[in-house]
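Colleague: with the sequence up front, the predicted model follows.
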There are 2 protein chains.
Amino acid sequence: MLTFTEENYIKALLKLTEEVGVEAVGTNELAAHLGVKPATVTDMLKRLKEKQLVSYEKYGKVSLSVSGRSLAIDVLRKHRLWETFLCRCLGFPWHQVHEIAEQLEHIQSNELMDRLDAFLGFPQIDPHGDLIPSKDGVFQVKPKRTLSMLAATQSAVLIGVGDNSAAFLQYVDAVGLQLGSEILVKRIQPYDALIEIEINGKTSQVSQKFADQIFVDTPPQRDEISDVGLDVEGDL
Amino acid sequence: MLTFTEENYIKALLKLTEEVGVEAVGTNELAAHLGVKPATVTDMLKRLKEKQLVSYEKYGKVSLSVSGRSLAIDVLRKHRLWETFLCRCLGFPWHQVHEIAEQLEHIQSNELMDRLDAFLGFPQIDPHGDLIPSKDGVFQVKPKRTLSMLAATQSAVLIGVGDNSAAFLQYVDAVGLQLGSEILVKRIQPYDALIEIEINGKTSQVSQKFADQIFVDTPPQRDEISDVGLDVEGDL
DNA sequence: TTTTAATGTTAGATGAATCTAACTTAATTA
DNA sequence: TAATTAAGTTAGATTCATCTAACATTAAAA
Ligand SMILES: [Mn+2]
Ligand SMILES: [Mn+2]
Ligand SMILES: [Mn+2]
Ligand SMILES: [Mn+2]
């Protein structure tokens, strides 16, 4: 049985490695992410290593062990299921759910999560468009296309965000965006790289920094369609 | 902001005083109820007094302060609202919800509880028949009539239980009882005081100890009705 | 290659929550 | 009233999670 704090450390490790696509992280980075001092992290890493949740040698980088990863994924699953409940059932706006889910994710009861999962109809994605790990711990981050990668005249659909902070999410709301919104890139200012976008007829200017955190799905292009066609043939 | 542990101490104090109808309790009793040693309680009482949550002098009995009581009631409210959610929405049997609610009651978010309350339709009683304190902290325990107070041939309706342990509740299930069940006292054994009851045509023998924990409502008697009649006249 | 900067660790301290063992006070009983 | 028992407190220790300040190692720059 892990403590709250231990759960938070391994969850942070999961975020800082797999969601970024990096093998291992350093003490300072972990400390910054958790809002504690590096010395505190060093101490905790010794305990986590003792419990075989991480692989770590002093002055080296840290990464999750197999069992540590699996426990971290379970915490993430709980977090995202609770967020889904808070939005869908209780009507919370998406910018408020993260903070409350930070507490709820530590409730210990497998049966509770199984029942909540069923109650919600086994949701696949959470209110921020993030994948909910399955019960058997399958979890994989697929590379994401961002709004900042689009060229002028292209359009795309909002499928997720890279920043779950209330400040960012409320900014997204203000621009008129929500999951599923269609975004048209009207043009990109050559001078300051501001992106002019249109959502439901409303035009806005957004920064590159903002656009980096907006994950989009682009409608299938002509040559992508033929690729899919080939794959299907191969499956027969 | 109280810690988990502090919340558990004041909740225990609320139970041990108001639910029993007693002014104050001793260190040993509190310790036994919380599953810790008396020395630990003494320490904690000093901290709770520091925070003005209890009135306490050493070698004396403890009781909640006004603000301590109000915080304790809020914890109890959360506990019972969560229990209601677990039963009504997630389909948990009543004997499993207490343990999970012991964790959920410490989640900090007033808005969460307001929304959950609304989602559940502002329930008045929890799955064990206990009153859910209202949002503004109104909470009063009304004296309860127990099955053990009934005489032979009397019948009554199950409205609550005095013991929330899984063991007891599963026993209640086994006897065929649930909230709202009608119970007929067939006779009381003169020799060992066992009570013979009938529920939905099924007969069982239960002990006095068991019957003490079964709260019932008796259908209005003839003379009680006339009493009510007099009261109503006085109100006009 | 030496110096410097960045990164990470140790030692020692603190506060919360718990324990055991020894002591003190209050209540009961003889 | 004096002795005994029950109830409660203190002192000292432990574990977890955190800090600061001082020290050590590794990486980058000069
Ligand atoms: Mn979140
Ligand atoms: Mn999320
Ligand atoms: Mn309960
Ligand atoms: Mn209850």
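Modeller: Looks like it came in fine. Residues are numbered from 1 along each chain as shown, chains lettered A, B, ... in the order given. Ligands and ions are numbered 1, 2, ... in the order given.

Colleague: pull the helix or strand with minimum mean pLDDT from chain A.
Modeller: Least confident helix or strand of chain A, by mean pLDDT, DSSP states H and E, is helix A:222-235 with a mean of 45.

Colleague: nearest residue to the closest residue to DNA strand C within chain A in space, please, no chain neighbours.
Modeller: Nearest to DNA strand C, among the residues of chain A, is residue A:26, at 2.2 Å (CB to the nearest atom of the strand). Placement of C-beta: from N, CA and C, glycine included. In this structure, residue A:26 finds its nearest non-sequential neighbour in residue A:61, 5.6 Å apart by CB to CB, 6 or more residues apart in numbering or on different chains.

Colleague: how much space between the one you found and DNA strand D?
Modeller: Using CB to the nearest atom of the strand, to the nearest Å, one gets 9 Å for the distance from residue A:61 to DNA strand D.

Colleague: residues contacting that residue?
Modeller: With contact set as CB atoms under 8 Å, 6 or more residues apart in numbering or on different chains, residue A:61 has these partners: A:23-26.

Colleague: so which elements touch the lengthiest helix in chain A?
Modeller: Using DSSP state H, we find that the single longest helix of chain A is helix A:66-88. The contact analysis (3 or more CB pairs under 8 Å, 6 or more residues apart in numbering or on different chains; DSSP states H and E) places helix A:66-88 against helix A:4-17, helix A:94-104, helix A:110-119.

Colleague: buried residues in it?
Modeller: A:68-87 (16 or more other CB atoms under 10 Å in any protein chain shown).

Colleague: check contacts around the closest residue to residue A:199 other than its chain neighbours.
Modeller: The spatial neighbour of residue A:199 that comes closest, neighbours along the chain excluded (CB to CB, 6+ apart), is residue A:176 at 4.7 Å. By CB under 8 Å, 6+ apart, residue A:176 lies in contact with A:199-200, A:202, A:204.

Colleague: helices - which of those land there?
Modeller: Taking DSSP H, every one of the contacts of residue A:176 sits outside helices.

Colleague: pull out the buried members of those.
Modeller: Neighbour-count burial (16+ other CB under 10 Å) is assigned, among the contacts of residue A:176, to A:199, A:204.

Colleague: pick the one among the contacts of residue A:176 closest to residue A:143.
Modeller: residue A:199 (24.2 Å; CB to CB).

Colleague: so how far is ligand 1 from the closest one?
Modeller: To ligand 1, residue A:199 is 24 Å away according to CB to the ion, to the nearest Å.

Colleague: check residue A:71 too.
Modeller: 18 Å.

Colleague: excluding its backbone neighbours, what's nearest that residue?
Modeller: Setting aside the residues directly before and after it, residue A:71 is nearest to residue A:10 in space (CB to CB, 6+ apart), at 6.0 Å.

Colleague: do the same with residue A:198
Modeller: Closest residue in space to residue A:198, ignoring its immediate chain neighbours: residue A:184 at 4.4 Å, by CB to CB, 6+ apart.

Colleague: in the sheet, which residues pair with that neighbour? Tell me.
Modeller: As for beta bridges, residue A:184 partners with residue A:155, residue A:198 under DSSP bridges.

Colleague: that one contacts residue A:196, doesn't it?
Modeller: No - taking contacts as CB atoms under 8 Å, residue A:184 lies outside contact range of residue A:196: 9.4 Å.

Colleague: quick check: closest non-adjacent residue to residue A:171.
Modeller: Distances taken as CB to CB, 6+ apart put residue A:210 closest to residue A:171, at 7.2 Å, once the chain neighbours are dropped.

Colleague: give me the pLDDT for that neighbour.
Modeller: According to the prediction, residue A:210 has pLDDT 97.

Colleague: ramachandran angles for residue A:157?
Modeller: Note on residue A:157: its backbone torsions stand at phi -120, psi 140 [degrees, to the nearest 10].

Colleague: now for it: which residues touch it?
Modeller: Taking CB under 8 Å, 6+ apart, we find residue A:157 in contact with A:180-183, A:216-219.

Colleague: gap between it and ligand 4?
Modeller: 46 Å.

Colleague: how much space separates that residue from residue A:186?
Modeller: 16 Å (CB to CB, to the nearest Å).

Colleague: neighbours of residue A:178, how many?
Modeller: Residue A:178: 12 surrounding residues under other CB atoms under 10 Å in any protein chain shown.

Colleague: my error: substitute residue A:160 in the last question.
Modeller: A count of neighbours around residue A:160, defined by other CB under 10 Å, yields 18.

Colleague: what sits up against stretch A:178-189?
Modeller: With CB under 8 Å, 6+ apart, stretch A:178-189 has contacts from A:127, A:129, A:147, A:150-160, A:172, A:177, A:194-200, A:203, A:205, A:214, A:216.

Colleague: which of the residues in it are buried?
Modeller: In terms of neighbour count (16+ other CB under 10 Å), stretch A:178-189 has its buried residues at A:179, A:181, A:183-185, A:188.

Colleague: what's the spacing between the spatially closest residue to residue A:123 that is not a sequence neighbour and residue A:121?
Modeller: Excluding its sequence neighbours, the residue lying closest to residue A:123 (CB to CB, 6+ apart) is residue A:84, at 5.0 Å. In this view, residue A:84 and residue A:121 are 10 Å apart by CB to CB.

Colleague: could you chop chain A up by domain?
Modeller: Here the domain parsing of chain A from automatic domain parsing is A:4-64, A:147-217.

Colleague: related to what we said a few turns ago, okay if I get the buried residues of stretch A:178-189 as JSON lines plus pLDDT?
Modeller: Listed next are those as JSON lines, based on pLDDT from 0 to 100:
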{"residue": "A:179", "pLDDT": "97"}
{"residue": "A:181", "pLDDT": "97"}
{"residue": "A:183", "pLDDT": "98"}
{"residue": "A:184", "pLDDT": "97"}
{"residue": "A:185", "pLDDT": "97"}
{"residue": "A:188", "pLDDT": "96"}
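
Colleague: returning to what we had before: dump the helices and strands packed on helix A:66-88 to TSV, plus mean pLDDT.
Modeller: As requested, those are exported to TSV (pLDDT from 0 to 100):
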stretch	mean pLDDT
helix A:4-17	97
helix A:94-104	98
helix A:110-119	98
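
Colleague: residue A:40: which of those helices is closest?
Modeller: Nearest to residue A:40 among those is helix A:4-17; the distance by CB to CB comes to 9.8 Å.
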